[in-house]
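*Asks:* sequence and predicted model, in that order:
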Amino acid sequence: MRITDALRLGAALLLLVAGFARAQPAATMAAEASAPRIGVVTMGPGGIFWERFGHDAIVVDDPARGAPISYNFGFFDPAEVGFTGRFIRGEMQYKLVALPLADDMHYYRQVGRGAILQWLDLTPVQARRLAADLADNARPENARYRYDYYTDNCATRVRDALDRVLDGTLRRRMEPRSSGDSYRSESVRLATPATWMWLLFDIGLGPYGDRPLSRWEQAFLPRRLADDLREVTLADGRPLVRAETQLLPQRRAAEPSEQPRALWPWLMVGLATAAAIAALASRLPRTAAGIAAGFWLLCGTLGLVLALGWAFTEHRALWANRNLLLLDPLCLLLLPGAWALLRGRNPSARFRALLVVIAALATLALLPLWLQAMPQRNGHWIALLLPIHAAFAWRWASRKA
């Protein structure tokens, strides 16, 4: 080979290598441009009781397919046949719905609920895989799922979908961390604006509700998940959230902060009520009997609901609730005795014995609290209700009215 031919061949090889090097970034850029953008939109709390915990959805923005799509796991139909029965049994069915992001945001704009969109730094392969998984999940035959208020809801579905395409990175980052919050503390905090709602949560949750949650578990709340997404870093140190933008302002009240609960006000109310009952039963026995009837009816009815929820439903958060020792279904058996007292008659010996049994069972509620065995944070309910049960037993169980 002549020198000139060798030089020409070398120059051609150099040009080929340089062209290949230039083509690689161009091909990479083209692949990235063809991949959809993935985001998580988080909506603030609303005014209806089921909106108090907020909401979220996954956004897929694929320009090749039109406007951004919101994959929303929070759809249900209260008018659906059998919905009420499934709700009572803890077998609710929710479904994933894919709709244009603008349409999804229309309702939240109308009711004044804010929305923040976090764009995620996924690879093109991850983005396309998640978009395909969501599209398949949204098909009518795949869209429905068994809803659980704490472990399988709109936010946990978003969390799990992201974790799958990140090969478990999200769970590995979140599971070892905990803020010490529990299902009870979070539920009562968010339900606080509606007194009836936080009371039902606080009375209804058993020991299941008091275990400290990992940040992974706490992501059943959309805002908690959004907060943790901001802190997650990928294997190469990049933050998972690439950019964040506010889609809608929050015009309704923001999430309430947690307020420490002191025991002494509950105890003072319980002791004051017990003293008033003892005094009233001596001076105005029929009035005291009327108050007792209302108290026993309330305790018995709530206790019956708790017992049935434990025995016959899938609501795990209700199971083994120690408030059953305070809100005792046996209180319903005291109502005939209350009727006798209202008529100015002496109640039966069975009534007096039952008063002692109910007061003793209420006292037993102190034992697991003291032992801290599978703790249930119901000390405030013990402080309120135990003195009242004791007052009725002291007044009517030891002697004839």
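*Replies:* Sure thing, it's come through. Nothing here was measured: the structure is a model prediction, and the numbers come from that model.

*Asks:* for the protein, which segments count as strands?
*Replies:* Assigned by DSSP state E, the strands in the chain fall at 37-43, 55-61, 69-75, 93-100, 115-120, 144-146, 241-248.

*Asks:* what does the pLDDT read for residue 148?
*Replies:* For residue 148, the pLDDT comes out at 94.

*Asks:* beta partners of it?
*Replies:* Beta-bridge partners recorded for residue 148 (DSSP bridges): residue 152.

*Asks:* what's around it, how many residues?
*Replies:* Residue 148: 18 surrounding residues under other C-beta atoms under 10 Å. Using the backbone N, CA and C atoms, a C-beta is placed for each residue, glycine as well.

*Asks:* quick check: closest non-adjacent residue to residue 206.
*Replies:* residue 321 (3.7 Å; C-beta to C-beta, 6 or more residues apart in numbering).

*Asks:* residue contacts, the one you found?
*Replies:* Contact analysis of residue 321 by C-beta atoms under 8 Å, 6 or more residues apart in numbering lists 204, 205, 206, 207, 306, 309, 310, 376.

*Asks:* next, count neighbours for the first one.
*Replies:* What that stands for is residue 204. Using other C-beta under 10 Å, residue 204 has 19 neighbouring residues.

*Asks:* what's the answer for the fifth one, then?
*Replies:* Taking other C-beta under 10 Å as the neighbour definition, residue 306 ends up with a count of 22.

*Asks:* looks like it contacts residue 318 (just checking).
*Replies:* Yes. Counting by C-beta atoms under 8 Å, residue 318 is a contact partner of residue 306 at 6.5 Å.

*Asks:* which residues do the two both contact?
*Replies:* With C-beta under 8 Å, 6+ apart, residue 306 and residue 318 have common neighbours residue 204.

*Asks:* circling back: need the strands of the chain in JSON lines (columns: distance to residue 189 and mean neighbour count).
*Replies:* Output for the strands of the chain, formatted as JSON lines (distance: least, C-beta to C-beta, whole Å; neighbours: other C-beta atoms under 10 Å):
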{"stretch": "strand 37-43", "distance to residue 189": "17", "mean neighbour count": "25"}
{"stretch": "strand 55-61", "distance to residue 189": "17", "mean neighbour count": "24"}
{"stretch": "strand 69-75", "distance to residue 189": "20", "mean neighbour count": "22"}
{"stretch": "strand 93-100", "distance to residue 189": "23", "mean neighbour count": "17"}
{"stretch": "strand 115-120", "distance to residue 189": "20", "mean neighbour count": "21"}
{"stretch": "strand 144-146", "distance to residue 189": "26", "mean neighbour count": "14"}
{"stretch": "strand 241-248", "distance to residue 189": "23", "mean neighbour count": "14"}
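
*Asks:* can you give me the neighbour number for the nearest residue to residue 218 once chain neighbours are set aside?
*Replies:* Closest residue to residue 218 apart from its sequence neighbours, by C-beta to C-beta, 6+ apart: residue 224 at 4.8 Å. Residue 224 is flanked by 23 other residues according to other C-beta under 10 Å.

*Asks:* swap in residue 154?
*Replies:* Counted with other C-beta under 10 Å, the neighbours of residue 154 add up to 22.

*Asks:* how close does it sit to residue 231?
*Replies:* 21 Å (C-beta to C-beta, to the nearest Å).

*Asks:* now do residue 332
*Replies:* 51 Å.

*Asks:* same question, residue 48
*Replies:* Distance from residue 48 to residue 231, by C-beta to C-beta: 31 Å.

*Asks:* the two: who's more crowded?
*Replies:* residue 231 (13 against 9).

*Asks:* and the more buried one, what does it touch?
*Replies:* Residue 231 sits next to residue 173 when contact means C-beta under 8 Å, 6+ apart.

*Asks:* mind redoing it with 10 Å?
*Replies:* If you count contacts by C-beta atoms under 10 Å, 6 or more residues apart in numbering, residue 231 has them with 173, 174, 177, 215, 239, 240, 241.

*Asks:* now swap in residue 262 and tell me
*Replies:* The contact partners of residue 262, by C-beta under 10 Å, 6+ apart, come to residue 380.

*Asks:* same check, this time on the one 3 residues further on
*Replies:* Contact analysis of residue 265 by C-beta under 10 Å, 6+ apart lists 380, 383, 384.

*Asks:* for burial, what's the neighbour tally of residue 281?
*Replies:* 22.

*Asks:* so for it, what's the pLDDT?
*Replies:* Reported pLDDT for residue 281: 90.

*Asks:* now the one 5 residues further on
*Replies:* Residue 286 carries a pLDDT value of 93.

*Asks:* tell me how far it lies from residue 343.
*Replies:* Using C-beta to C-beta, residue 286 is found at 8 Å from residue 343.

*Asks:* so between those two, which is more surrounded?
*Replies:* A direct count of neighbours by other C-beta under 10 Å for residue 286 and residue 343 places residue 286 higher, at 14 against 9.

*Asks:* which ones are touching the residue nearest the centre of the chain?
*Replies:* The residue lying closest to the centre of the chain (C-alpha atoms, centre = their mean) is residue 150, at 4.4 Å. If you count contacts by C-beta under 10 Å, 6+ apart, residue 150 has them with 156, 183, 186-187, 205, 208-209, 213, 217-218, 220-221, 316-317.

*Asks:* coming back round to it: got the contacts of residue 265 as a markdown table, with pLDDT and distance to residue 136 columns?
*Replies:* What follows is those, written out as a markdown table (pLDDT from 0 to 100; distance: C-beta to C-beta, whole Å):
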| residue | pLDDT | distance to residue 136 |
| --- | --- | --- |
| 380 | 96 | 48 |
| 383 | 97 | 53 |
| 384 | 98 | 52 |
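
*Asks:* can you list those residues in JSON lines and add distance to residue 272 and neighbour count?
*Replies:* Below are these laid out as JSON lines (distance: C-beta to C-beta, whole Å; neighbours: other C-beta atoms under 10 Å):
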{"residue": "380", "distance to residue 272": "15", "neighbour count": "18"}
{"residue": "383", "distance to residue 272": "12", "neighbour count": "19"}
{"residue": "384", "distance to residue 272": "10", "neighbour count": "21"}
